[in-house]
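Trainee: mind looking at a prediction? Sequence and model below.
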Amino acid sequence: MAFDFAAEIAKQKGGKGGGGGSGGGGINIAGTGSALSSSGADMKKYERMKKMGLPLNSIVNKMRMDGCDEAVIDKFSGASGSKKVKAAADEKRIMPADCKPAQKMKPFHWAKINAHQIDNTIWSEVEQKLPSLCAQIDFASLDELFKKGDDSAQQKKEKSQKKQEHQVIDPKRAQNVMIGLAQIKMSEDDLLDAILKMDDKKLSVEKLRKLLPYVPTDGELQMVRDYVKSGGNINDLSKVEQFFVKMMDMVGIRERVSLWIFKSEFPSILESVQRRITMVSQVMEALRESAKLRAVLYTVLVIGNYLNDGSSRGNAFGFLMEPTLDLLDGTKSSDKRSTLMVSVVETLERSNADSLTWVDDLEILERVYKIKTNGILNDLDAIKRDMSSIGKYLKTQRRTMTKMASDWAREGTAVSVAQIASHIRTLSKSGPQALFNGCETYAGLKVGMGLPSSVKPGFAKQLEVSSAEEETENVFGKVMIIFHKKQNSKVTEVENFFQKTQQECKKLATYFGFEEGKKWEEMLVVFYLFREQFQKAVREMQMRRQKEQRKQSQMEKKNMLEAKLANQPRKEEVMKTMHVDLDDKVNGKPTSEDANAKRASETSKASAMYAAFQKEKQGKAAHKKIFEV
């Protein structure tokens, strides 16, 4: 059953005016206040609250709820007339008296600023300039354009059958938010609960990035706060606006989600920065401590001094890494078939073959030479900026919540915006009907209407218990404070590590003879290119060796074949072994003359056969020619 604040307060006022007798049915609040004002023990309670750092307006509000006299409250707060002055300033009319619409106009939903809030803002001089500005505006056209049209009988009938919603947020914006929330695929209560508890399992970084454009801005939250504070019924709002009402105590909710995303990504971001700095530090140490690289550079120095002997360039005790190392591959031999780099590699292979493996020891150069100093600096600055934003946000949140509490206390509202928002969230989990009944409980709450201590609205009983629940569900402040303190020290450690690496970079530049002020990527790229050219020279030397080995192998095979052929018998000798001398008959075999005669006979016979074949062929050709004629 809904509770009527106005009736209860009127009843109390009537009872008080009637003398507070037992037959009046009223509640003697003044008597209670007198009793409290005379008790020093009760005042010590408020003094303890003040020492604990609670906002003064919240303590004053509590004193009113306990029924303390206004004189005692003014004496405790030390500012008796400041609230009346602010209230009077807010009630003052800024528009000229003749600037009033003749008919009912369409509402314009904005987040307004009261008169006591315009100091040091753009609106501080608007009161003096507004009359002249109003004289230049055609209000008649505004009446015609934005007058509230009369509904037809059918429309009135439909509106009476259909629940009418008040529009606080822009309709297009509300529609976009509705579509965006549907993409998250979570119910509003589960989504809100996950935001309050910072549940990373329900809201991953990807979902938070999708959610960020659809969370309410500070202006939209101010609109719904003003609506609730002015006594508007929550049930008359749209679904999106009701969702915003549940978050109206979340100061800077959009920034809160952004900082949550940063908190979720912080470990990987910081680890990436630290890993890159570590790799740079390792490669600089490896370059400085590499004995094999030192042997290569000493060999280059010896060869260079040998080539430059007798000139001004000779007798060098060292050389600059840049551009000397790059010139090795560009210096050609006299026959243009080789380079000085290849000669260095060949010399090292003969004198100190183990030094050729320095390229394997410094393989990390391939991954490190692209790491930029400015890239790490920008990442560190972004991390420190976001960490600073967390600290500023937490301070701003405390100040804003204190200001909201003081504004509501100043205007006589007995409950805070955080209490109402927490109560709405609790009711929404119990279903629409519970939300409707619970919102009806304080729908009549007006600005300036204080709640006497005896008035207990339907949700006031739950508010006493909900403070602990609110602390449990709204863990953002506690989590971010712990995160800020713990991770801020890690950021400082990484920053110190970066500065130490930069100092090592300066020492490395001096050690290898680079110009002062060189960044590490400018030095590492020199060694990276030298390593690439060195490997290329090693490959060329190996290919040349393989080619020489193949050529030598072919020559050996050729020599072996020639030697084998030289050992074989000659043709005359073979013929002699095949044609035996038959002058003397041995073992009844035919003589050589008989063999010659036989061969001559066979030859003549073959010749006769060939002549017959040619004659037959000619005859066929003649016959064919005659046939064609």
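Mentor: Cool, the structure landed. Numbers count the residues shown, from 1 in each chain.
Trainee: from here on, contacts and neighbour counts on C-alpha atoms
Mentor: Noted.
Trainee: quick one: contacts for Lys384?
Mentor: Residues near Lys384 by C-alpha atoms under 8 Å, 6 or more residues apart in numbering: Val491.
Trainee: before we move on, which element is it in?
Mentor: helix 373-410 (DSSP states H and E).
Trainee: quick one: mean pLDDT over that helix.
Mentor: When pLDDT is averaged along helix 373-410, the result is 77.
Trainee: and stretch 349-364, by the same measure?
Mentor: 91.
Trainee: what residues sit buried inside it?
Mentor: Neighbour-count burial for stretch 349-364 flags 355-356, 358-359, 362, 364 (criterion: 16 or more other C-alpha atoms under 10 Å).
Trainee: just the ones of those residues in helices?
Mentor: Judged by DSSP state H, the buried residues of stretch 349-364 include 358-359 as members of helices.
Trainee: farthest-separated two in the buried residues of stretch 349-364?
Mentor: Using C-alpha to C-alpha, these span at most 17.3 Å, a distance reached by Ser355 and Ile364.
Trainee: which residues touch the residue nearest to Thr217 when sequence neighbours are not counted?
Mentor: Leaving aside its sequence neighbours, Thr217 sits nearest to Arg254 (C-alpha to C-alpha, 6 or more residues apart in numbering; 6.3 Å). Contacts for Arg254 were tallied using C-alpha under 8 Å, 6+ apart; they are 212, 215-217.
Trainee: where does the chain have low pLDDT?
Mentor: Residue ranges of the chain with pLDDT under 70: 1-41, 53, 78-92, 108-112, 121-123, 149-166, 251, 397-474, 569-607, 619-629.
Trainee: where do the helices sit along the stretch 501-629 of the chain?
Mentor: 520-567, 571-578, 592-628 (DSSP state H, counting those that start in this stretch).
Trainee: one step back: just the closest of the contacts of Arg254 to Met247, please.
Mentor: Pro216 (8.3 Å).
Trainee: list the contacts of the closest one.
Mentor: 244, 253-254.
Trainee: my read: Asn488 touches Met387, true?
Mentor: Yes: the pair Asn488 and Met387 qualifies as a contact (C-alpha atoms under 8 Å) at a distance of 7.1 Å.
Trainee: have a look at the two and say which one is more surrounded.
Mentor: Met387 (23 against 15; other C-alpha atoms under 10 Å).
Trainee: what helix or strand does the nearest residue to the more buried one once chain neighbours are set aside sit in?
Mentor: Nearest residue to Met387, sequence neighbours excluded (C-alpha to C-alpha, 6+ apart): His484, at 6.7 Å. His484 is part of helix 476-511 when elements are defined by DSSP H and E.
Trainee: next, the angle helix 520-567 makes with that helix.
Mentor: Relative orientation of helix 476-511 versus helix 520-567 (axes from the mean of the first three to the mean of the last three C-alpha atoms, to 10 degrees): 60 degrees.
Trainee: for helix 476-511, name the packing helices and strands.
Mentor: Judged by 3 or more C-alpha pairs under 8 Å, 6 or more residues apart in numbering; DSSP states H and E, the packing partners of helix 476-511 are helix 253-289, helix 373-410, helix 520-567.
Trainee: make TSV from those and add distance to Glu322 to it.
Mentor: Below are those laid out as TSV (distance: least, C-alpha to C-alpha, whole Å):
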stretch	distance to Glu322
helix 253-289	15
helix 373-410	20
helix 520-567	7
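Trainee: out of these, which comes closest to Ala135?
Mentor: Using C-alpha to C-alpha, the helices and strands packed on helix 476-511 put helix 373-410 closest to Ala135, at 34.2 Å.
Trainee: re earlier: which one (most neighbours) among the contacts of Arg254?
Mentor: With neighbours defined as other C-alpha under 10 Å, the most crowded of the contacts of Arg254 is Pro216; it has 25 neighbours.
Trainee: so it: helix, strand or coil?
Mentor: Using DSSP: H, G, I helix; E, B strand; the rest coil, the three-state assignment for Pro216 comes out as coil.
Trainee: same question, Leu203
Mentor: Following three-state DSSP, the label given to Leu203 is coil.
Trainee: ok, it - how many residues close by?
Mentor: For Leu203, the neighbour count with other C-alpha under 10 Å is 17.
Trainee: quick one: Gln487 from Phe262, how far?
Mentor: Separation of Gln487 from Phe262 (C-alpha to C-alpha, to the nearest Å): 12 Å.
Trainee: kindly report the same for Gly304.
Mentor: Applying C-alpha to C-alpha, the value for Gly304 to Phe262 is 55 Å.
Trainee: for Arg209, same thing?
Mentor: Taken as C-alpha to C-alpha, the span from Arg209 to Phe262 is 11 Å.
Trainee: again, but for Glu495
Mentor: For Glu495 relative to Phe262 (C-alpha to C-alpha), the value is 18 Å.
Trainee: the two: which has the busier surroundings?
Mentor: The residue with more neighbours, out of Glu495 and Phe262, is Glu495; 20 against 17, by other C-alpha under 10 Å.
Trainee: what's the burial count for the residue nearest to that one when sequence neighbours are not counted?
Mentor: Among residues not flanking Glu495 along the chain, Leu380 sits closest, at 7.3 Å (C-alpha to C-alpha, 6+ apart). By other C-alpha under 10 Å, the residues close to Leu380 number 21.
Trainee: ok, now Glu346?
Mentor: Glu346 has 18 neighbouring residues, counting by other C-alpha under 10 Å.
Trainee: over to Cys505?
Mentor: Cys505 sits with 22 neighbouring residues when counted by other C-alpha under 10 Å.
Trainee: how near is the nearest residue to it once chain neighbours are set aside to Ala97?
Mentor: Spatial nearest neighbour of Cys505, chain neighbours left out: Trp520 (5.9 Å); criterion: C-alpha to C-alpha, 6+ apart. To Ala97, Trp520 is 73 Å away according to C-alpha to C-alpha.
Trainee: between those two, which has more neighbouring residues?
Mentor: Using other C-alpha under 10 Å as the criterion, Trp520 and Ala97 rank with Trp520 on top: 24 against 8.
Trainee: show the contacting residues for that one.
Mentor: Contacts for Trp520 were tallied using C-alpha under 8 Å, 6+ apart; they are 280, 372-373, 502, 505.
Trainee: between those residues, which is closest to Ala316?
Mentor: Distance to Ala316 across the contacts of Trp520 (C-alpha to C-alpha) is lowest for Cys505, with 25.3 Å.
Trainee: from what I see, the closest one and Met284 are in contact.
Mentor: Yes: counting by C-alpha under 8 Å, Cys505 touches Met284, with 7.4 Å between them.
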